[in-house]
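Visitor: Okay, sequence plus prediction incoming.
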Amino acid sequence: MNKIIAIVATSSNRVIGVNNTIPWKIKEDMAWFRDHTWGHPVIMGRKTYESISNKLPGRHEIVVSRSIQGKNSAKSIEEAIGMARTKPLYTGGFKPEDRVLDNMPDKPDIFIAGGGEIYAQTIHLWDYLYITVVNKEMQGDTFFPNYENRMRLVDTVVKKEDYRIEVWSKM
Ligand SMILES: NC(=O)c1ccc[n+]([C@@H]2O[C@H](COP(=O)([O-])OP(=O)(O)OC[C@H]3O[C@@H](n4cnc5c(N)ncnc54)[C@H](OP(=O)(O)O)[C@@H]3O)[C@@H](O)[C@H]2O)c1
């Protein structure tokens, strides 16, 4: 069975967004997101999808929405996961000359990439959580749910002055 992995960046007080944007930009974290989701299906809510200016090349984006319809949209979380488990459709700026297919994983994981509503509704499904914690309190309007009581810390893979990246697993 494909693993279900939530991937997120939060402030130290759990903020993940403000005015439908992410209130920080950390290049290394963007690279971490790209490297780990590459070739995998990525599920996100309609608001997050609309907030991303560049679509995600080399990944099968699935947008959860009750209001929009399209070949990459799902009307429920269950439908999105079902789509992710079927043959991936690579969207975004994929071009055959990028040779993306050479780097595709044999067995894709399913990434949950937010936002707040989608994290809250899928937390019981996560096998792993990849979390970047920015060492700063911030003001925001969207928050990450409490995961500490259902998951355990497996590894701190990056530890910098400004942020750290942790891997958590379900208990
Ligand atoms: N820091 C991070 O790592 C990170 C990651 C992702 C997003 N974000 C931030 O999070 C914020 C967006 O989060 P959000 O909570 O406002 O919105 P969201 O979760 O991205 O999207 C919410 C939308 O998803 C659809 N939806 C939710 N539950 C559904 C269900 N059960 N079935 C069908 N559709 C469903 C609805 O779309 P319709 O209204 O179309 O029906 C709903 O309006 C932004 O600020 C974004 O930048 C941060």
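Guide: Arrived safely, thanks for sending.
Visitor: thinking residue 40 is in contact with residue 113, fair?
Guide: No. Residue 40 sits out of contact with residue 113 when judged by CB atoms under 8 Å, with a separation of 10.2 Å. (Glycine included, C-beta is placed from N, CA and C.)
Visitor: Ramachandran angles for the residue nearest the centre of the chain?
Guide: The centroid of the chain falls nearest to residue 113 when counting by CA atoms, centre = their mean (2.0 Å). Phi and psi for residue 113, reported as degrees, to the nearest 10, are phi -110, psi 30.
Visitor: Quick one: residues contacting it.
Guide: 6-8, 33, 37, 42-44, 48 (CB atoms under 8 Å, 6 or more residues apart in numbering).
Visitor: which parts of this protein sit against the ligand?
Guide: In this structure, the chain approaches the ligand at residues 8-9, 16-17, 20-22, 44-48, 51, 64-68, 75-77, 113-118, 121, 142, judged by CB under 6 Å from any ligand atom.
Visitor: Show me what the spatially closest residue to residue 29 that is not a sequence neighbour bridges to in the sheet.
Guide: Leaving aside its chain neighbours, residue 29 sits nearest to residue 132 (4.8 Å; criterion: CB to CB, 6 or more residues apart in numbering). Residues in a beta bridge with residue 132, per DSSP bridges, are residue 9, residue 165.
Visitor: check contacts around residue 132.
Guide: 8-10, 26, 29, 32, 163-165.
Visitor: Equivalent analysis for residue 171, please.
Guide: Contacts for residue 171 were tallied using CB under 8 Å, 6+ apart; they are 150-152.
Visitor: repeat for residue 52
Guide: When contacts are counted by CB under 8 Å, 6+ apart, residue 52 touches residue 44.
Visitor: likewise residue 122?
Guide: The neighbourhood of residue 122, defined by CB under 8 Å, 6+ apart, consists of 4, 6, 43, 77, 112.
Visitor: Okay, and it sits in which element?
Guide: Per DSSP states H and E: residue 122 is located in helix 116-122.
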